[in-house]
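Colleague: Below are the sequence and a predicted model for it; my questions follow.
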Amino acid sequence: MKTTVVLLALVAVLSAEVFKMETSNAGSLRAKLIRSGQYHQFLQDQHLRRSQLNTGSQPFIDYYDDFYLGNITVGTPPQTVTIVLDTGSSNLWVIDAACTSQACNGYPNSGYTKHKFDTTKSSTFQTETKKFSIQYGSGSCSGHLGKDTITFGGLTVQTQEFGVANHLAEVFGYQPVDGILGLGWPSLAVDKVVPPMQNVLSQLDQPIFTVWLDRKLALSNGGNAGLITYGALDNVNCAATVNYVPLSAETYWQFPIDGFSCGTFSETKKDQVISDTGTSWIGAPNSVVSGVVKATGASYDWENELYTVPCSKQTSLPDLVFTIGGQKYNVPSVEYVLDLQLGNGKCALTFFGMSGGGFSPSWILGDTWIRTYCNVYDIGQKRIGFAKANHNL
């Protein structure tokens, strides 16, 4: 639900029905706020916002880090906006140019200038009176629905319904994004809007898309960071062997996990998991987080509200081992230990605790997981596949 420099996404059409779209990395908002001494106040503001929510549900938590972004265009002539490519939601929305709040304009210390969509400058925009409102783990947005031409990754939808947001939660004012493009299933979409992916399936060679996220061992300040391949497997950045598992729900990209281990900790409980490009870290049941903390010797940083280990152990801690569909998948510590420049030689453990169970997801496998394994989202066969990601580092 994925801070200084965002490079424009480069789009390359490989054939008539296979499209590739480079993604960019926005850098770590958390690290930026820590450096500027604003993170403690940021956390207090978030706690206040959550305490004011009149709801009994617990939303997914987004840890504001390492967004993977892409550029799309909206309207005629095309207006470029930078959006989060999010498999954990199913709606497209962009910021309305008519919104002048600080969140819509972006905070000056975010280091990012918002690109808002001006509906009055698009000859093909069709406004709707129907309102929309979406609640994410890290904030909400609301406005009205409309229809217009959009392009992403070389693909074009002539009439796409989407949200035009004229109210954003304050957190979006800090984030280097102009909207979100949901890549989840239609049943997850608010207001029964048809997601963009479903509207381009007829243009694709195969009804799939592959996500590869690049590895950055040093703290990222932004830049090219991955690739989404629409309509085919990514045979360049991903290993040839893909192991698939059937989906257990067609809302999020949800499937079961059979077991998990890290060093001396292990469990074989079957839980529900989602693959989410919009979440930076790994969300796990609280009991699992406790086990990982013990196995890695991590300690809790009360000021920054995260677990830390010595940065000197970034490459020497035990692997995370996930068992999915009878296959074991190892995630090395270089992926789950992140240097946020906390000082005193401390690095962050990219885990957070969740409360869940039953048929709803108990785990979120975010970018920490996806950097290690390319995720193949197979819409046609209602399954998800994993292939080892290739990295230069």
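Modeller: Nice, I can see it. Here the structure is a predicted model, which means the values were calculated and not measured.
Colleague: Can you list the low-confidence ranges for this protein?
Modeller: In the predicted model, the chain carries pLDDT under 70 at residues 1-67, 216-224, 356-359, 393.
Colleague: which residue is nearest the centroid of it?
Modeller: G278 (1.2 Å; Cα atoms, centre = their mean).
Colleague: That one touches V177, doesn't it?
Modeller: No - using Cβ atoms under 8 Å, G278 is not in contact with V177; the gap is 10.3 Å. Every C-beta, even on glycine, is put in place using the N, C-alpha and C of the backbone.
Colleague: list the residues that contact both of those two?
Modeller: Here G278 and V177 have V84 as joint contacts, going by Cβ atoms under 8 Å, 6 or more residues apart in numbering.
Colleague: buried stuff in stretch 160-176?
Modeller: Within stretch 160-176, the residues scored as buried using 16 or more other Cβ atoms under 10 Å are 160-169, 171-176.
Colleague: Of these, just say which sits nearest to E267.
Modeller: V171 (33.1 Å; Cβ to Cβ).
Colleague: Let me know the secondary structure of that closest one.
Modeller: Secondary structure, DSSP: H, G, I helix; E, B strand; the rest coil: V171 is helix.
Colleague: That one - nearest residue in space that isn't next to it in sequence?
Modeller: Spatial nearest neighbour of V171, excluding adjacent residues (Cβ to Cβ, 6 or more residues apart in numbering): G139 at 4.1 Å.
Colleague: Next up, the contacts around K114.
Modeller: Each residue near K114 by Cβ under 8 Å, 6+ apart is listed here: I95, C104, N105, G106, D178.
Colleague: Please look at the last one and V84 and confirm they touch.
Modeller: Pointing back at D178 there. No - the criterion here is Cβ under 8 Å, and D178 misses it with V84 at 9.3 Å.
Colleague: Show me which of these two is the more surrounded one.
Modeller: Shown here are D178 and V84; by other Cβ atoms under 10 Å, D178 has more neighbours (29 against 26).
Colleague: Which residue, neighbours along the chain excluded, lies closest to that one?
Modeller: Distances taken as Cβ to Cβ, 6+ apart put V81 closest to D178, at 4.0 Å, once the chain neighbours are dropped.
Colleague: quick one on the thing from earlier: could you verify that the residue nearest to the centre of the chain is part of a strand?
Modeller: No - counting by three-state DSSP, G278 is not found in a strand; it is coil.
Colleague: how close does the nearest residue to G291 once chain neighbours are set aside get to Y336?
Modeller: Spatial nearest neighbour of G291, chain neighbours left out: F265 (3.4 Å); criterion: Cβ to Cβ, 6+ apart. With distances taken as Cβ to Cβ, to the nearest Å, F265 is found 14 Å from Y336.
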